[in-house]
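Asks: Fold the following for me, if possible:
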Amino acid sequence: MNTDNDCRVSVMITFFNQKQYINDCLSSVLSQKADFPFEILCGDDCSTDGTYEELLKWEQQYPDVISVYQTDKLSLSGSEPIVRASNNRINLLRNAKGRYLCFLDGDDYYSDDQKLQKQYEILERFPDASACFHPVALKLDKEKQDGLWSRYSDKMFSVSNKNYWGCLWSHVQTFMFRNSDHDLVNSINKDFFDDNLITAYFIKTGRVIYTPEVMSVYRQISDSSWNRRTEFEKNYINLLVYQESKRVLPKMKKQCFIKCYDSIRFLFDNRNKDWSVCQSPHLKLCEPLYVDTVRYRESGFGFKMLYVIKWMFPLYFGKVLKVFGNKLEKCTRKYI
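Replies: Got it, this is the predicted structure:
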């Protein structure tokens with residue numbers, strides 16, 4: 001990552017076949033009322049619907065603000081969507097110059113024209129904070145009702161990075177991160193840089209601040225690549241988050257377990273299913289529980305009994321830790 005003192009915030013937006021949403025997305029960022037310079041980096045994942053060509057038009061219209069990039073079509077041809085999106089994001093991160101960083105998907109948009117200004121002022125005010133986040137509005141398919149995610153309080157508060165990681169969650173688009181580790185891009189797993197892992201990398205040091213304003217909109221489309229996955233595939237990916245986050249946050253292994261507890265439990269409860277079909281060359285899960293579960297289905301009574309004994313107790317205590325951790329997090333919030 002490069003840094004430029006004149007660029008305070010880098011907004012990195014990834015696109016894949018989202019031409020119809022470009023206007024909503026880019027207009028919402030360009031309309032931000034900020035008293036500092038910011039840049040918009042757009043990364044296209046080899047779209048086939050004219051997204052890239054449309055982005056180039058925006059770049060031509062706003063050359064001082066917008067920069068457009070495209071992933072390598074040949075090297076990523078046929079890859080898992082998460083791998084392609086991860087490479088797209090890392091490429092944008094490599095070119096980001098801002099003191100602070102924001103990530104956005106091409107079908108989402110900002111709903112408050114002072115989002116960047118508000119989060120920038122918070123992080124400037126609290127230099128020991130690594131990130132600032134807020135609730136997000138959901139924009140669902142027409143037959144479903146809209147709602148809110150991550151509405152934790154009506155007041156601003158801060159929590160330790162450990163308490164955030166173990167007990168709270170917000171979509172990555174709600175965050176502004178401090179760009180303090182300029183060698184970070186070289187340590188990222190280029191094949192798995194999903195929403196949760198982005199947050200994990202950037203909250204390694206410093207507390208996390210919550211502000212109650214709803215300032216962005218997240219579209220949840222039923223035909224998205226995520227929603228087309230089976231429940232087993234979704235939980236497999238969440239288990240990858242557990243595996244990778246322990247590497248990124250080695251001092252927060254307990255919090256990683258609590259954060260991913262539901263998927264770990266889902267794996268245990270569905271131990272008679274064939275989990276090996278979820279494995280892929282790029283997204284390989286090596287967690288001991290997963291390895292044992294893949295073996296469980298074809299094993300005899302002795303192994304199955306040992307399996308249950310081995311993993312039943314960690315899962316029980318994990319549930320206790322999750323309940324206790326959530327109560328402790330609320331007690332340790334520092335309201336601002």
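
Asks: Can you list the low-confidence ranges for the chain?
Replies: 1-5, 73-78, 142-145 (pLDDT under 70).

Asks: Find the centremost residue of it, please.
Replies: D195 (1.3 Å; Cα atoms, centre = their mean).

Asks: can you give me phi and psi for that residue?
Replies: D195 adopts backbone torsions of phi -50, psi -50, taken as degrees, to the nearest 10.

Asks: I'd like to know how far the nearest residue to it once chain neighbours are set aside sits from G318.
Replies: Nearest residue to D195, sequence neighbours excluded (Cβ to Cβ, 6 or more residues apart in numbering): V172, at 4.2 Å. All C-beta spots, glycine's among them, are computed from the backbone N, C-alpha and C. Applying Cβ to Cβ, to the nearest Å, the value for V172 to G318 is 25 Å.

Asks: Neighbour count for the two, which is higher?
Replies: Neighbour count, other Cβ atoms under 10 Å: between V172 and G318, V172 has more, with 21 against 17.

Asks: residue contacts, the more buried one?
Replies: In this structure, V172 makes contact with F103, D195, N196, I198, T199, judged by Cβ atoms under 8 Å, 6 or more residues apart in numbering.

Asks: wait, I66 sits on C25?
Replies: No: counting by Cβ atoms under 8 Å, I66 does not reach C25; the two are 11.4 Å apart.

Asks: intersection of neighbour lists for the two?
Replies: Joint contacts of I66 and C25 (Cβ under 8 Å, 6+ apart) do not exist.

Asks: Between those two, which is the more surrounded one?
Replies: Using other Cβ under 10 Å, the more surrounded residue of I66 and C25 is C25, with 25 against 21.

Asks: quick one: the helices in the stretch 101-250 of the chain?
Replies: In the stretch 101-250 of the chain, the helices defined using DSSP state H, counting those that start in this stretch lie at 115-125, 161-167, 195-202, 231-248.

Asks: okay, these in CSV with distance to S299 next?
Replies: What follows is the helices of the stretch 101-250 of the chain, written out as CSV (distance: least, Cβ to Cβ, whole Å):
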stretch, distance to S299
helix 115-125, 51
helix 161-167, 33
helix 195-202, 32
helix 231-248, 19
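
Asks: out of these, nearest to R297?
Replies: Closest to R297 of the helices of the stretch 101-250 of the chain is helix 231-248 (Cβ to Cβ; 13.0 Å).

Asks: Helix 195-202 and that closest one, what's the angle between them?
Replies: Computed by axes from the mean of the first three to the mean of the last three Cα atoms, to 10 degrees, the angle separating helix 231-248 from helix 195-202 equals 10 degrees.

Asks: Would you mind pulling the contact partners of helix 231-248?
Replies: With contact meaning Cβ under 8 Å, 6+ apart, helix 231-248 is reached by 82, 165, 189, 192, 194, 196-197, 200-201, 204, 226, 229, 252-253, 256-257, 259-260, 262-264, 266-267, 270, 273, 275, 277-278, 283, 285-287, 290.

Asks: Distance of S160 relative to C7?
Replies: Between S160 and C7 the computed distance is 29 Å (Cβ to Cβ).

Asks: follow-up on the earlier one: sort out for me which of the contacts of helix 231-248 are in strands.
Replies: Taking DSSP state E, every one of these sits outside strands.

Asks: Type out the PyMOL command that picks the buried ones from the residues you listed.
Replies: Buried residues within the contacts of helix 231-248, by 16 or more other Cβ atoms under 10 Å, are selected in PyMOL with:
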select buried, resi 82+165+189+192+194+196+197+200+201+204+252+256+257+259+260+263+264+266+267+275+278+283+285+287+290
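
Asks: How are the strands of the stretch 1-150 of the chain distributed by residue range?
Replies: 9-15, 38-44, 66-70, 100-105, 109-110, 129-133, 136-140, 147-149 (DSSP state E, counting those that start in this stretch).

Asks: which of those strands is buried the deepest?
Replies: strand 9-15 (a mean of 26; mean count of other Cβ atoms under 10 Å).

Asks: what lines up beside that one in the sheet?
Replies: Paired with strand 9-15 in the same sheet, following DSSP bridges, are strand 38-44 (parallel), strand 100-105 (parallel).

Asks: So which residues make contact with that strand?
Replies: Strand 9-15 is contacted by residues 22, 25-26, 29, 34, 36, 38-45, 47, 51-52, 55, 85, 88-89, 92-93, 96-106, 116, 120, 176, 179 when judged by Cβ under 8 Å, 6+ apart.

Asks: what does stretch 94-103 give?
Replies: Under Cβ under 8 Å, 6+ apart, the answer for stretch 94-103 is 1-5, 7-14, 38-39, 41, 67, 69, 89, 93, 116, 119-120, 123, 172-173, 175-179, 185, 195, 198, 202.

Asks: Having no further points to raise, I will conclude here.
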